[in-house]
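> Predicted structure and sequence below. I'll ask about it afterward.
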2 protein chains.
Amino acid sequence: MSAADQFDGVSVVKKANVYFDGKCVSHTVQFADGTRKSVGVILPSSLTFNTGAPEIMEVIDGRCRVKLAGATAAVEYVAGQSFNVPGNSSFDIETLDTLHYVCHFG
Amino acid sequence: MSAADQFDGVSVVKKANVYFDGKCVSHTVQFADGTRKSVGVILPSSLTFNTGAPEIMEVIDGRCRVKLAGATAAVEYVAGQSFNVPGNSSFDIETLDTLHYVCHFG
């Protein structure tokens, strides 16, 4: 498996983060430099997430339609693409397939 | 967070393993010595898992009732407990709460 497919030299928290009755499940990954990301899945659903810190959502597999707070239209993102979410904001996300993502915290 | 709560110095695969329409979601963790574990969640459900390699299922949080193939009765396991599953076998698992687990492969 290549470096693009995995994070190396990290810590992973054993207990998952479970949101929306399990429609979103993620595990927290800690990096040596103190940064933190999460690797997760969103099952097919339409959900609204609130942000504290700014975040970058990177789509690893699947696709989604995302409408940021204040945006007039949703935008579709597929594997290899990312979108930025400001802090103290929210976004609506519709997942058509199971979405695999990495969330990078700002 | 203490060493008991996380794995350090590992690689984590970004894309999850999704089973049973998302009732089970796990991420693969690779260790420097070549061993492999997974950290995962089973949402409240009754499922049957088949094993290839032998595995040890360690309950991190939640509880479950497990009946190994050939067993006459189910046994309940809670956080801090583990059960062994032989290779090329199966087990029935009923999760009453969301189950957080680590699966250790033999």
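Nice, I can see it.
> going forward, measure contacts and count neighbours with C-alpha atoms only.
Will do.
> where do the strands sit along chain A?
For chain A, the strands defined by DSSP state E occupy A:6-13, A:17-19, A:24-30, A:36-42, A:45-50, A:55-61, A:63-68, A:75-78, A:82-85, A:90-95, A:99-105.
> To chain B, which of these lies closest?
Nearest to chain B, of all these, is strand A:6-13, at 4.2 Å by C-alpha to the nearest C-alpha.
> Give me the residues contacting the closest one.
A:27-32, B:5-14 (C-alpha atoms under 8 Å, 6 or more residues apart in numbering or on different chains).
> Measure how it sits relative to strand B:24-30, angle-wise.
Computed by axes from the mean of the first three to the mean of the last three C-alpha atoms, to 10 degrees, the angle separating strand A:6-13 from strand B:24-30 equals 110 degrees.
> quick one: strand A:6-13 to chain centroid distance?
With C-alpha atoms, centre = their mean, to the nearest Å as the basis, strand A:6-13 stands 16 Å off its chain's centre.
> what lines up beside it in the sheet?
Here strand A:6-13 has these sheet partners by DSSP bridges: strand A:24-30 (antiparallel), strand B:6-13 (antiparallel).
> relative to strand A:36-42, how tilted is it?
Using the same axes, to 10 degrees: strand A:6-13 against strand A:36-42 is 100 degrees.
> For chain A, what lies in contact range of chain B?
Taking C-alpha under 8 Å from any C-alpha of the partner chain as the contact definition, chain A meets chain B at A:5-16, A:22-23, A:25, A:27, A:39-41, A:43, A:60-61, A:100-102.
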